[in-house]
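below are the sequence and a predicted model; questions follow.
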2 protein chains.
Amino acid sequence: MTAREPKLDADQFASISKALADPKRFDLLQRLAEATDAPTCSSVCGWLGLAPATVSHHLRELETAGLVHIERDGKFARISLRRDVLAAYVKQLASL
Amino acid sequence: MTAREPKLDADQFASISKALADPKRFDLLQRLAEATDAPTCSSVCGWLGLAPATVSHHLRELETAGLVHIERDGKFARISLRRDVLAAYVKQLASL
DNA sequence: CGAATTGTTCGACGGTCATCGAAATGATAA
DNA sequence: TTATCATTTCGATGACCGTCGAACAATTCG
């Protein structure tokens, strides 16, 4: 069985669409999907070639949309993809 | 069997994401998906409460992304949803 | 403690975008 | 042809967004 997917209201659906629309953010999601261990903000800076401030901004956008989960662990912030939310988005888009 | 879906390169994928990110455009796509006959630009103006110029702009964006097909028939422009492209997008998104 | 590392917050700047009115194009009807 | 209707193009405007540097906060290490 797959995990139960959360229901997306119109607002969350829209914010996910917007979050996916930026190439850098989507690139980040792709890498997150392939990553084995939860990366940190610094790793992301290296991946995307962006300043820490910009990465922080993108991460907030993605977390607000519900697409990533950010867990604070001491100095670090461990970022992980929320596959259930992504799956719910895909499902809703496919039902058009 | 379902129709074969076109392959999406990175650019087209990005432009589709951007096209989906605007609420008015997504609203239009939803209505297109439910419509039985191919609507015209004027119908869309009524649906979305937007000026003709704005609708024309959105339609161009959607057509460039490949999400809709616009067929000119005399005075009118008949708009239809390209379900194959949407399906290809969904498929690619689901493969993350 | 003080120093170094990680990440966030705060303005600011430049670019993109959604929106419209007005003018132009195109096609039908009178 | 003239008038009318559907749509597009153009230019402008106001809002939003991605980006960064600098300053700040929080944590770890010496």
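All right, it came through fine.

and residue A:70, which of the three is it?
At residue A:70, secondary structure determined by DSSP: H, G, I helix; E, B strand; the rest coil is strand.

how about the longest helix along chain A against chain B, any contact?
Determined from DSSP state H, the single longest helix within chain A is helix A:52-65. No: no part of helix A:52-65 sits close enough to chain B to count as contact by Cβ under 8 Å from any Cβ of the partner chain; the gap is at least 11.2 Å. (Each C-beta comes from the backbone N, C-alpha and C, glycine too.)

quick check: buried residues in that helix?
A:55, A:58-59, A:61-62, A:65 (16 or more other Cβ atoms under 10 Å in any protein chain shown).

strands along chain A, start to end?
Per DSSP state E, chain A has strands spanning A:68-73, A:76-81. These are given in chain order.

of those, flag the one that's most buried.
For the strands of chain A, the stretch with the most neighbours on average is strand A:76-81, a mean of 17; neighbours defined as mean count of other Cβ atoms under 10 Å in any protein chain shown.

helices or strands up against that one?
If contacts are counted by 3 or more Cβ pairs under 8 Å, 6 or more residues apart in numbering or on different chains; DSSP states H and E, strand A:76-81 sits against helix A:23-34, helix A:41-48, strand A:68-73.

please repeat the previous calculation with a cut-off of 10 Å.
Counting by 3 or more Cβ pairs under 10 Å, 6 or more residues apart in numbering or on different chains; DSSP states H and E, the packing neighbours recorded for strand A:76-81 are helix A:23-34, helix A:41-48, helix A:52-65, strand A:68-73.

low-confidence bits of chain A, can you list those?
Counting by pLDDT under 70, chain A contains low-confidence residues at A:2.

before we move on, back to that, now render the strands of chain A as TSV, adding distance to DNA strand D.
TSV is the format used below for these (distance: least, Cβ to the nearest atom of the strand, whole Å):
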stretch	distance to DNA strand D
strand A:68-73	7
strand A:76-81	8
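
which of these sits closest to DNA strand C?
With respect to DNA strand C, and counting by Cβ to the nearest atom of the strand, the nearest of the strands of chain A is strand A:76-81 at 4.0 Å.

name every strand pairing with that closest one and say which way it goes.
Pairing partners of strand A:76-81, with direction, according to DSSP bridges: strand A:68-73 (antiparallel).

run the angle between the partner strand and helix A:41-48 for me.
Direction vectors for strand A:68-73 and helix A:41-48, defined by axes from the mean of the first three to the mean of the last three Cα atoms, to 10 degrees, enclose an angle of 140 degrees.
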